[in-house]
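[1] My questions are about this predicted structure, shown below with the sequence.
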Amino acid sequence: MPRIQVVPLLEVVRETPTTMTYRFRADLGGQPGQFLMVWIPRYDELPMALSYLGAVKGITVRDYGDATHILAAFNAGDRIGIRGPYGNVFRLQGEKVLAVGGGSGMASMIAAIESFAQQGARVVTAVGAKAANELLFVERANASGEVHIATDDGSRGFKGFVPALAEKLVEREKFDQVLTCGPERMMKAVVDLARKHHVPVQASLERYMKCGIGICDACSLDDQLVCVDGPIFTAEQLEGSEDFGHFRRDKSGRRVAA
Amino acid sequence: MVDLRTEVAGVRLRNPTMLASGFLDETGGSMARVYEAGAGAVVTKSIGPQPREGYPNPTIVELDAGLLNAVGLPNPGIVEYEREVKRAHAAGAVVIGSVFGKDADEYATVAAKMATYGVKAIELNLSCPHAKGLGTEIAQHEDAVQEFTRAVKDVVSLPVFPKLSPNVQDITTFAVAAEKGGADGIVAINTLKAMAITPELKMPSLANRFGGLSGPAIRPIGVRAVYDICEKVHIPVIGVGGIGSGRDALEYIMAGASAVQVGTAIISKGLGVFNEITKEMASLLEDAGFRSVPEAIGVAHA
């Protein structure tokens, strides 16, 4: 059997002006932080984080390009192809966790935030976005613990970038670990501040992918592959990286600014 | 102890396994890692004169029979690729540069540039079965194989290994043509033309509609191709197609291959597959009374 399932969408939910969640039933596993390769028939196949685990799974996607724009027009009943789950998993270490999410990066972390809280951890989430209407999964995070908000324009919560907010939280309280997902330069700032405060960190990275299974080399980060060695990397793995926060590969394999 | 070292047209290898072109070879970091994981050599992604994005996704489909792909020769172009080869060399890797182009001049230009990067040999991708006008048509004409091989031989002083397509009436006539063109070795086989359809969507599973099949299903086809080619040419052959174990590798070696390439098996076995193959091969050779790899090459012809 081909390792791909074609599934009808059960529900499409607009989360923010630019971000949609797509729910579907799928006969596959999936743990916090893992992703699927999602086939938007006739357009593209892209890696997308699982934002809902369980029987009715979900992916949450920002409309940022041609294929995601097509997907944004999909309705319940429209079909997508999925394969996976792929990649490694957010691991709970200790009892006090700070999750730092920027923009659609919350999609990769929300399942971990919920799972860690269910396992009894204290989870504090710092959510950042350009503006109040782009904040993602604030209510879900709030149901799992304390939430702090940062917006670039100050329309809600702290005015500024989420790493600055995270730093205040780290100075206030000793966390056992930090999770982060968002724009790469934001994650770089979060990794650096966690390292400075001697808190272990797991960062979920994103790269262009073709295969998702560790052969095409499109998603390489130094000598690591985001699809099979990641997408989640520790500060130790990212230390000394020439690519993290600086470079990615384009579709031809050229090294370009991240 | 069996001596696993082997040699192909003067290229010395610590063991007979090579990374097949198209797998984990777009970046120097990955090639270095594959070499460090135990490969005897790494063959680069097929590099052309200009950067090329390749086809849209889906570019791969995993099937029970193997892996179907139509990636479309994405590559950063020969100029930018220098840093990747350098990175692999910094890790001590033995690198074979795979090149493609649209005509003999382009092959020669790219190969000449690749040679300046310090690679140990040039592989000619003459047979990508799914990139329009690149390789695939060349692979259908013996004259073109001879001409392109000659064009590259004229500009590089390295061993040149044309990689042949199995999608022809008789692959041995192409091996003979390559030998006439001055090839120092033959790589066989590339993927087989194939297609998968997703019935639920009533459409082909690959964006390019059709592609090339690799993996276990094509191994018997590759073994026969290598066996037949070895009956017709006097240059060494590198066997590729569905190799995932030491036993698989020995099939090719006993059919006449001096070395083997491994690609699709990385999906299921990871990079440990190279060490796994060499260990198993050593143990099988020892059991059969061989002291070295070269002793076993082509013994199935006896």
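    Great, that's in hand.
[2] Going by C-alpha atoms from here, please, whenever you check contacts or count neighbours.
    OK.
[3] Run the chain-centre distance for stretch B:181-190.
    Distance of stretch B:181-190 from its chain centroid, counting by C-alpha atoms, centre = their mean, to the nearest Å, is 10 Å.
[4] what pLDDT does the residue in the stretch 51-200 of chain A that chain B sits nearest to get?
    Nearest residue of the stretch 51-200 of chain A to chain B: A:R79, at 8.1 Å (C-alpha to the nearest C-alpha). Reading off the confidence values, A:R79 has pLDDT 97.
[5] Then the one 5 residues further on?
    pLDDT for A:G84: 96.
[6] Name whatever forms a beta bridge with the residue of the stretch 51-200 of chain A closest to chain B.
    A:P8 (DSSP bridges).
[7] What parts of the stretch 151-258 of chain A come near chain B?
    Neighbours of chain B within the stretch 151-258 of chain A, by C-alpha under 8 Å from any C-alpha of the partner chain: A:210-211, A:213-218, A:220, A:222-224, A:251-254.
[8] Among those residues, which ones are in strands?
    A:S220, A:Q224 (DSSP state E).
[9] so which of the residues of the stretch 151-258 of chain A next to chain B would you say is closest to A:G230?
    Using C-alpha to C-alpha, A:Q224 comes nearest to A:G230 of these, at 7.9 Å.
[10] who's in contact with that closest one?
    By C-alpha atoms under 8 Å, 6 or more residues apart in numbering or on different chains, the contact set of A:Q224 is A:G230, B:G29, B:S30.
[11] Columns secondary structure and distance to B:K163 on top of those residues, output as a markdown table?
    Below are the contacts of A:Q224 laid out as a markdown table (DSSP: H, G, I helix; E, B strand; the rest coil; distance: C-alpha to C-alpha, whole Å):
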| residue | secondary structure | distance to B:K163 |
| --- | --- | --- |
| A:G230 | coil | 33 |
| B:G29 | helix | 25 |
| B:S30 | helix | 22 |
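[12] Closest one to B:G256 out of the residues you listed, please.
    For the contacts of A:Q224, the nearest to B:G256 is B:S30 (29.7 Å; C-alpha to C-alpha).
[13] my guess is that closest one contacts A:A218, does it?
    No - B:S30 is beyond contact range of A:A218, at 10.4 Å (criterion: C-alpha atoms under 8 Å).
[14] Got phi/psi on whichever residue of the stretch 101-250 of chain A sits closest to chain B?
    The minimum distance from the stretch 101-250 of chain A to chain B, using C-alpha to the nearest C-alpha, falls at A:D223 (4.1 Å). Phi and psi for A:D223, reported as degrees, to the nearest 10, are phi -110, psi 20.
[15] would you list every one of the helices in the stretch 101-250 of chain B?
    B:104-116, B:142-153, B:171-180, B:219-232, B:246-255 (DSSP state H, counting those that start in this stretch).
[16] Give the buried residues for the longest one.
    Buried positions in helix B:219-232, judged by neighbour count with 16 or more other C-alpha atoms under 10 Å in any protein chain shown: B:R219, B:I221, B:G222, B:V223, B:A225, B:V226, B:Y227, B:D228, B:I229, B:C230.
[17] returning to that earlier point: and B:S30 and A:A218? Which one has more around it.
    With neighbours defined as other C-alpha atoms under 10 Å in any protein chain shown, B:S30 and A:A218 compare such that A:A218 has more, 29 against 25.
[18] Give me the distance between that one and A:V61.
    The gap separating A:A218 from A:V61 is 21 Å, by C-alpha to C-alpha, to the nearest Å.
[19] Same check on B:K86?
    In terms of C-alpha to C-alpha, B:K86 sits 38 Å off from A:V61.
[20] out of those two, which sits in the more crowded spot?
    Legend: neighbour count by other C-alpha under 10 Å for B:K86 and A:V61, higher for A:V61 (24 against 19).
[21] With mean pLDDT as extra columns, can I get the helices of the stretch 101-250 of chain B in JSON lines?
    Converted to JSON lines, these look like this (pLDDT from 0 to 100):
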{"stretch": "helix B:104-116", "mean pLDDT": "96"}
{"stretch": "helix B:142-153", "mean pLDDT": "95"}
{"stretch": "helix B:171-180", "mean pLDDT": "97"}
{"stretch": "helix B:219-232", "mean pLDDT": "98"}
{"stretch": "helix B:246-255", "mean pLDDT": "98"}
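[22] most neighbours per residue, which of the ones you listed?
    When these are scored by mean count of other C-alpha atoms under 10 Å in any protein chain shown, the highest mean neighbour count falls to helix B:246-255 (a mean of 25).
[23] report the angle between the axes of it and helix B:219-232?
    Per axes from the mean of the first three to the mean of the last three C-alpha atoms, to 10 degrees, the angle that helix B:246-255 makes with helix B:219-232 is 20 degrees.
[24] Grab the nearest non-local neighbour of the residue sitting furthest away from the middle of chain B.
    If you look at how far each residue of chain B sits from its centre, by C-alpha atoms, centre = their mean, the farthest one is B:E200, at 34.5 Å. In space, and not counting its chain neighbours, B:E200 is closest to A:V6: 6.7 Å by C-alpha to C-alpha, 6 or more residues apart in numbering or on different chains.
[25] what ranges do the strands span in the stretch 151-258 of chain A?
    With strands called from DSSP state E, counting those that start in this stretch, the stretch 151-258 of chain A shows them at A:158-159, A:177-181, A:201-204, A:220-221, A:224-225, A:232-234, A:247-249, A:255-257.
[26] if you average pLDDT over the first one, what comes out?
    Here the mean pLDDT over strand A:158-159 is 97, rounded to a whole number.
[27] How about the fourth one?
    For strand A:220-221, mean pLDDT is 96.
[28] which outside residues touch it?
    So strand A:220-221 is contacted by A:R207, A:V226, A:S241, A:D243, A:F244, A:R248, A:R249, B:T27, B:S30 (C-alpha under 8 Å, 6+ apart).
[29] Among these, which one has the most neighbours?
    The most crowded member of these is B:T27, carrying 30 neighbours; neighbours defined as other C-alpha under 10 Å.
[30] Please name the nearest non-neighbouring residue to that one.
    Computed as C-alpha to C-alpha, 6+ apart, the closest residue to B:T27 that is not its neighbour in sequence is B:E84, at 5.3 Å.
[31] Am I right that the one you found falls within a helix?
    Yes - assessed by DSSP: H, G, I helix; E, B strand; the rest coil, B:E84 belongs to a helix.
[32] Tell me which residues touch the residue nearest the centre of chain A, please.
    Closest to where the C-alpha atoms of chain A average out (C-alpha atoms, centre = their mean) is A:S108, at 2.7 Å. With contact set as C-alpha under 8 Å, 6+ apart, A:S108 has these partners: A:P32, A:G33, A:Q34, A:A49, A:L50, A:S51, A:C181, A:S204.
[33] Now do the SS call for it.
    Here A:S108 is helix, with the state taken from three-state DSSP.
[34] Can you give me the separation between it and B:P49?
    To B:P49, A:S108 is 38 Å away according to C-alpha to C-alpha.
[35] got the residues of the stretch 151-300 of chain B near chain A?
    B:E200, B:L201, B:A207, B:T264, B:I266, B:I267.
[36] wait, the fourth one sits on B:G242?
    Yes - B:T264 lies in contact with B:G242 (C-alpha under 8 Å); the separation is 7.0 Å.
[37] For B:E123, give the beta-bridge partners.
    Beta-bridge partners, per DSSP bridges, of B:E123: B:S98, B:F161.
[38] my guess is it contacts B:L158, does it?
    No - B:E123 is beyond contact range of B:L158, at 10.2 Å (criterion: C-alpha under 8 Å).
[39] Which one's more surrounded, the two?
    Neighbour count, other C-alpha under 10 Å: between B:E123 and B:L158, B:E123 has more, with 25 against 20.
[40] Need the pLDDT of the more buried one.
    B:E123 is assigned a predicted lDDT (pLDDT) of 98.
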